[in-house]
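In: I'll drop the sequence and a predicted model, then ask my questions.
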Amino acid sequence: MRGVFTLRTVRKKILMLTKLGGIALIFSYILSARLSVGGDAVWFLSVLLLTLLIDFFMGRFISKPAAELNASAKRMANLDFSASCTVASADEFGELSASLNTMSANLQEALVRLETSLAERKELVDSLSHEMKTPLGIIRAYAEGLQDETDEARRQKYAQVIVSEVERMNGLLVTLLDLSALESGTVNLDVTRFDFVELVETAAGRLLIDAPDTNFELQYELPEQKVFVQTDRRRMEQVLGNLIVNAKKNVSPGGVLRLELTAEAGLLHFSIFNQGRSIPESDLPKLWTKFYRGGGADYSGSGLGLSIAAQILSMQNLPYGAENQANGVRFYFSLPAAE
């Protein structure tokens, strides 16, 4: 509101102290000049009192806040965010204090993210080293055998094992690079409109129905009519494939593997159930992390398939999860149907 005088800036406070000091100095000089006796003493005491008052107010309004700001800045420079700056005046010092506190909170959050990222990277490197150790050991053993072996049939077998392990390592690295790109946000989804029922049928047919090594009872329930969605077809096929391969890997011999796709209230609900060993409830959220191993089960294969599925679904803010049922585990996700 105009017309209201406020001391909201350091400059105004200094000017006010200077003006008041000048007025008081002039007034004390006039008073001492009119006194016939003791004028010099009055003048000296007035100057002394005025000096003390100015020093007090300068310390309260200028020096003390500046010292507090300086101490806070030094703590931040040493990465100490334990205490916030307490200057709360309605001037530049107060604004600077608020800015320092905001910057301190942001730096602390960034530092936590950095520490988490470094820990995850170390864990990733350790896990990758562990994953690579087995195929490298196999390659070395068979390469040494290949050098000493004279039988051509055995040499061919050794060479096939080496090629197989190299392909396994290459597949792991390609998958890991894909996951890294998804996590970094450098991947753009190629959104198109397509029939999701047909996509599920294709993925299930390729990985389940046409597979020669099936040792389970396949059950499925799909809508009879076409249901269109608008998303990245290749990435959603990747999600379906990873979930189906995971369920196929973990279904008990002769057990049931049930695939369902239902449409309800503008949403498509996909689920896949494999009969077999349940997962400890505390480990269910960990299924979606890289290189997960737990409970002696073979969930996740290389440990990257479910991580990639989770990342693709998270990019689209689609709900997903896993849950134990009476005699197995069910994985699921939902996505909106297109017009």
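Out: Noted; the coordinates are in hand.
In: doesn't residue 305 make contact with residue 288?
Out: No - with contact defined as C-beta atoms under 8 Å, residue 288 and residue 305 do not form a contacting pair (10.1 Å). Any C-beta I mention is one placed from the backbone N, CA and C, and that applies to glycine too.
In: These two - which one has more neighbours?
Out: Set residue 288 next to residue 305 and count neighbours by other C-beta atoms under 10 Å: residue 305 wins out with 22 against 19.
In: how about that one, phi and psi?
Out: Backbone torsions of residue 305, given as degrees, to the nearest 10, read phi -60, psi -50.
In: Next: the one 10 residues further on.
Out: Here is the backbone geometry of residue 315 (degrees, to the nearest 10): phi -60, psi -30.
In: Likewise for the one 5 residues further on?
Out: When read as degrees, to the nearest 10, the backbone of residue 320 gives phi -150, psi 170.
In: How about it, nearest residue that isn't a chain neighbour?
Out: residue 333 (3.8 Å; C-beta to C-beta, 6 or more residues apart in numbering).
In: again with residue 323
Out: Residue 323 sits nearest to residue 330 (C-beta to C-beta, 6+ apart), 5.4 Å away.
In: The residue nearest to residue 320 - how many residues pack around it?
Out: For residue 333, using other C-beta under 10 Å, the count is 22.
In: And it, how close does it get to residue 288?
Out: Distance, residue 333 to residue 288, using C-beta to C-beta, to the nearest Å: 11 Å.
In: what's the domain layout of this structure?
Out: 10-107, 117-184, 191-336 (automatic domain parsing).
In: could I get these as CSV with mean pLDDT?
Out: As requested, the domains of the chain are arranged in CSV below (pLDDT from 0 to 100):
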stretch, mean pLDDT
domain 10-107, 67
domain 117-184, 79
domain 191-336, 86
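In: and these, which is most packed in?
Out: domain 191-336 (a mean of 17; mean count of other C-beta atoms under 10 Å).
In: just the helices in the stretch 151-300 of the chain please.
Out: Using DSSP state H, counting those that start in this stretch, the helices of the stretch 151-300 of the chain run over 152-184, 196-204, 233-250.
In: dump the residue contacts of residue 151.
Out: With contacts defined as C-beta atoms under 8 Å, 6 or more residues apart in numbering, residue 151 has no neighbours.
In: can you pull the contacts of the closest residue to residue 281 other than its chain neighbours?
Out: Leaving aside its chain neighbours, residue 281 sits nearest to residue 324 (7.1 Å; criterion: C-beta to C-beta, 6+ apart). Neighbouring residues of residue 324 by C-beta under 8 Å, 6+ apart: 278-279, 281, 284, 330.
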